[in-house]
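In: The following block contains a protein sequence and its predicted model.
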Amino acid sequence: MKDMKEGFPTNKPPLFRGIKYDYWKERMIAHFESIHIDLWDVVENDTLTVTYKGTSQVKRNTLSLLTCNHELSFMKEGEDIQCMFGHFQTILNELRSLGRTYDNYDYIDKILRSLSRKWRP
């Protein structure tokens with residue numbers, strides 16, 4: 001809902017909590033465009049983009065680290081399947097946001113290979 005103050009419509013910008021930068025950015029672009037079409041251009045060159053989206057080198061390093069985490073992940077002792085699945089899903093979502101995807105076959109294969117002995121036939 002928009003409030004009227006001194007004749008200008010105001011609405012609150014989306015709050016950035018340090019995660020899901022791409023999602024926040026799209027919402028923020030829409031917010032700024034509702035105020036002035038060129039306003040996002042000013043913000044895009046700000047430190048937020050470098051800090052949370054990263055330079056190409058930061059992006060490559062993050063992608064490398066997440067890929068390694070994915071490859072070395074396994075079900076921990078005492079961990080239930082839901083927790084393990086959530087952990088894998090978090091890593092895959094982060095990888096996807098950086099452009100790396102895995103097909104369902106690879107994803108299922110990785111989960112099955114990562115199960116503890118207790119869950120294996």
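Out: Okay, I see it.

In: Which residue ranges of this protein form strands?
Out: 3-5, 8-10 (DSSP state E).

In: Report pLDDT for the most centrally placed residue in the chain.
Out: For the chain, Lys20 is the residue whose C-alpha lies nearest the centre (C-alpha atoms, centre = their mean; 4.2 Å). At Lys20, the model reports a pLDDT of 84.

In: and if you look at Glu79?
Out: pLDDT, read off for Glu79, is 85.

In: Could you report the separation of Leu39 from Tyr23?
Out: 19 Å (C-beta to C-beta, to the nearest Å). Using the backbone N, CA and C atoms, a C-beta is placed for each residue, glycine as well.

In: Actually, Trp119.
Out: 34 Å.

In: the domain parsing of the protein - what is it?
Out: If you go by automatic domain parsing, the domain ranges for the chain are 10-53, 56-116.

In: how long is the last one end to end?
Out: Distance between the two ends of domain 56-116: 37 Å, counting by C-alpha to C-alpha, to the nearest Å.

In: about what we covered before: which of the domains of the chain comes out lowest on mean pLDDT?
Out: domain 10-53 (a mean of 77).

In: Alpha carbons of stretch 104-112, as CSV, please.
Out: Written as CSV, here are the backbone C-alpha positions of stretch 104-112 (Å, rounded to 0.1, in the frame of the first residue of the first chain):
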residue,chain,number,x,y,z
ASN,A,104,18.0,-35.0,-11.9
TYR,A,105,19.9,-38.3,-12.6
ASP,A,106,23.2,-36.9,-11.3
TYR,A,107,21.4,-35.4,-8.3
ILE,A,108,19.7,-38.6,-7.3
ASP,A,109,22.9,-40.6,-8.0
LYS,A,110,24.8,-38.3,-5.7
ILE,A,111,22.3,-38.6,-2.9
LEU,A,112,22.2,-42.4,-3.1
